[in-house]
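> Predicted model and sequence below, questions to follow.
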Amino acid sequence: MKKKTWFVLSVLGVLLFTTLNAVVLDNFVIMTEQYPPYNFEQNGLLKGIATDIMVEMFKRDGSKKTIKDIQLLPWARGYKDVQDKPNTILFAMTRSAEREKMFKWVGPISPTKIVLHAKKS
């Protein structure tokens, strides 16, 4: 069965970039994982489509945060932290029915379909 999901920036707390000011944004811990082309490390630098969007949000919001303030973590750790710790942001994440009520969402940034491929035999 095909399931349509959306990649989004997840946010705990209030609708971050529409209601908070930079002073509050600067107090958030911002995390992501290795998931090219959305977020990844290349030659020691954080890159990717979602990373670029986050950095642009910093600029538009007047935040002091930069790309250097984004933590690149294993998925399991970032996902646990965003559920357990206040003032944390994890991006980019697949939006699913199971996660819908767990987070405040900003996005989508890109539609996707999750499918399973196998030999007919």
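All right, it came through fine. Since the model is a prediction, treat every value here as computed from it, not as a measurement.
> Can you read off the pLDDT for residue 4?
Looking at residue 4, its pLDDT stands at 36.
> Quick check: closest non-adjacent residue to residue 85.
residue 29 (7.2 Å; CB to CB, 6 or more residues apart in numbering). For every residue, glycine as well, the C-beta is placed using N, CA and C.
> Tell me the buried residues in stretch 100-110?
103, 105, 106, 107, 109 (16 or more other CB atoms under 10 Å).
> Convert the strand ranked longest in the chain to CSV, retaining C-alpha atoms only.
The longest strand of the chain (DSSP state E) is strand 104-114. C-alpha atoms of strand 104-114 as CSV (Å, rounded to 0.1, in the frame of the first residue of the first chain):
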residue,chain,number,x,y,z
LYS,A,104,4.2,21.2,15.9
TRP,A,105,4.9,21.1,12.2
VAL,A,106,6.4,23.7,9.8
GLY,A,107,6.3,22.8,6.1
PRO,A,108,6.0,20.8,4.0
ILE,A,109,9.3,21.3,2.1
SER,A,110,9.0,18.4,-0.3
PRO,A,111,6.4,15.7,-1.1
THR,A,112,7.4,12.1,-1.2
LYS,A,113,6.0,8.6,-1.4
ILE,A,114,7.3,5.6,0.6
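> In its sheet, which strands sit next to it, and in what direction?
Strand 104-114 has the following sheet partners, assigned by DSSP bridges: strand 3-11 (antiparallel).
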